[in-house]
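> Here you go, sequence then predicted model.
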Amino acid sequence: MAADDTGSPASPLAGTRIAVVGAGVSGLSCAVRLLEAGADVTVIARELSPANTSDVAAAFWYPYRAGPRDKVMQWGAATYARLRSLADDPATGVVRRPIVHRYAEAAPDPWWREPVEGFESLGVDDRFGPWVDGYRYVTWLADTSRYMPWLRSRVDALGGTVVLRTVASLDELRTDWDAAVDAAGVFAGDLAGDASVFPIRGQVVVVRKPPGFRDEIRESACRYVVPRHEDVVLGGTAQDGDWSRTPRADDAAGIIAGCCELCRELDPDRLEVLDHRVGLRPGRPEVRVELEDRGGFPLVHDYGHAGAGFTLSWGCADDVVAMLAGRLGDEAAGSAGRSGTGASR
């Protein structure tokens with residue numbers, strides 16, 4: 001490994017040209033980590049904030065529909081810690097929120113509880129409606145109206161480039177870059193030739209935050225009430241295989257009715273609806289974070305997060321950096337060895 005001017009080992013990614021496909025939470029998180037490791041990063045995306053699925057998300061830490069469990073625990077714990085530290089900076093939009101999950105029947109404690117703070121099992125509580133079981137803990141909420149612009153600002157501040165462009169094939173990237181990251185969300189399946197990727201349609205209703213509304217997230221099954229800085233996100237839907245990004249009146253009505261049942265502080269007759277939004281979560285049987293060598297071109301896949309993109313973003317990004325650093329570091333070491341013996345590439 002080379003050394004910089006201070007005598008410290010240089011990052012194997014220093015000066016490496018890396019293309020990141022996708023400008024959602026996964027792509028931008030990867031870009032930030034790669035830039036911090038010294039890479040020369042270009043983010044290429046067919047959609048930019050605020051027009052992508054990450055902007056629609058309620059974006060609180062919760063490993064929804066993601067696997068495999070051992071990796072989700074690792075990625076989730078790393079992201080939980082990272083979001084905790086980001087909450088110290090108001091510009092990020094990340095805030096601490098208590099969260100209450102409620103169920104109409106007995107439910108076991110979640111398998112992912114280890115990293116969270118303040119976990120507590122709950123019983124019947126009339127304040128939350130006809131629920132017989134549940135639990136509460138501390139989560140971290142990333143208000144996407146602030147968090148996504150903040151992520152983009154970090155990419156810009158670290159010297160990254162963002163390009164609005166559709167990538168037809170990952171192979172086209174090898175002409176101008178030394179490596180690439182496939183973080184294209186629901187479109188990653190087409191790019192990677194992965195037929196296991198499918199859309200999970202999520203619709204939400206954004207309402208004005210009522211005066212004095214309690215800053216506590218409520219969740220039950222697919223219904224959730226998420227108070228942000230100036231509004232409240234009511235959700236949601238999880239419609240597998242549905243590519244429609246047009247809001248539906250029947251979905252909105254069901255969301256509002258279910259959320260008002262979940263949270264009795266909401267009066268359906270007094271809600272001021274600000275927006276209806278739809279995003280397509282990237283479903284897959286398991287999250288894919290994997291290094292692929294395409295004829296000497298290093299490509300790392302980071303997609304299939306389903307409803308846990310924000311929950312796993314930083315942990316996955318750390319693995320992406322480690323995979324590329326290991327691959328390119330080995331390549332550099334091999335090149336140096338061959339040069340030392342008079343061999344040519």
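Looks like it arrived, so ask away.
> Got the confidence number for Phe213?
At Phe213, the predicted lDDT confidence score is 95.
> Contact partners for it?
227, 232, 265 (C-beta atoms under 8 Å, 6 or more residues apart in numbering). Where C-beta positions appear, they are placed from N, C-alpha and C, glycine not excepted.
> Among these, which one has the most neighbours?
Sorting the contacts of Phe213 by how many neighbours each has (other C-beta atoms under 10 Å) puts Val232 first, at 24 neighbours.
> check contacts around that one.
Contacts of Val232 by C-beta under 8 Å, 6+ apart are 206-210, 213, 225-226, 266.
> element containing it, please.
Per DSSP states H and E: Val232 is located in strand 231-235.
> Ala10 - how many residues pack around it?
Number of residues near Ala10 (other C-beta under 10 Å) recorded here: 15.
> meant to ask about Ala325
18.
> Thought Ala37 was touching it, still the case?
Yes: contact criterion C-beta atoms under 8 Å: Ala325 and Ala37 qualify, at 6.7 Å.
> any common contacting residues for those two?
11, 13.
> re earlier: right, and out of the contacts of Val232, which lies closest to Glu272?
Arg208 (4.1 Å; C-beta to C-beta).
> Backbone torsions only: list them for the nearest residue to that closest one once chain neighbours are set aside.
With C-beta to C-beta, 6 or more residues apart in numbering as the criterion, Arg208 has its nearest non-adjacent residue at 4.1 Å, and that residue is Glu272. Per-residue torsions, Glu272: phi -100, psi 100 (degrees, to the nearest 10).
> Name every strand pairing with the strand holding Val232 and say which way it goes.
strand 198-208 (antiparallel), strand 223-227 (antiparallel) (DSSP bridges).
> Skip ahead from that strand and say which helix or strand is next.
Using DSSP H and E, the helix or strand that follows strand 231-235 in sequence is strand 239-240.
> Return the angle between stretch directions for the helix or strand that that next one is followed by and strand 223-227.
For strand 239-240, the following helix or strand on the C-terminal side (DSSP H and E) is helix 249-262. Angle of helix 249-262 versus strand 223-227, following axes from the mean of the first three to the mean of the last three C-alpha atoms, to 10 degrees, is 70 degrees.
> State the mean pLDDT of the next helix-or-strand element following helix 249-262.
The helix or strand immediately downstream of helix 249-262 is strand 273-283, counting by DSSP H and E. Mean pLDDT, strand 273-283: 97.
> In contact with the residue nearest to Gln239 when sequence neighbours are not counted, which residues?
Nearest residue to Gln239, sequence neighbours excluded (C-beta to C-beta, 6+ apart): Arg201, at 4.0 Å. Neighbouring residues of Arg201 by C-beta under 8 Å, 6+ apart: 237-240, 242-245, 278-281.
> One more: Glu120?
Neighbouring residues of Glu120 by C-beta under 8 Å, 6+ apart: 135-137.
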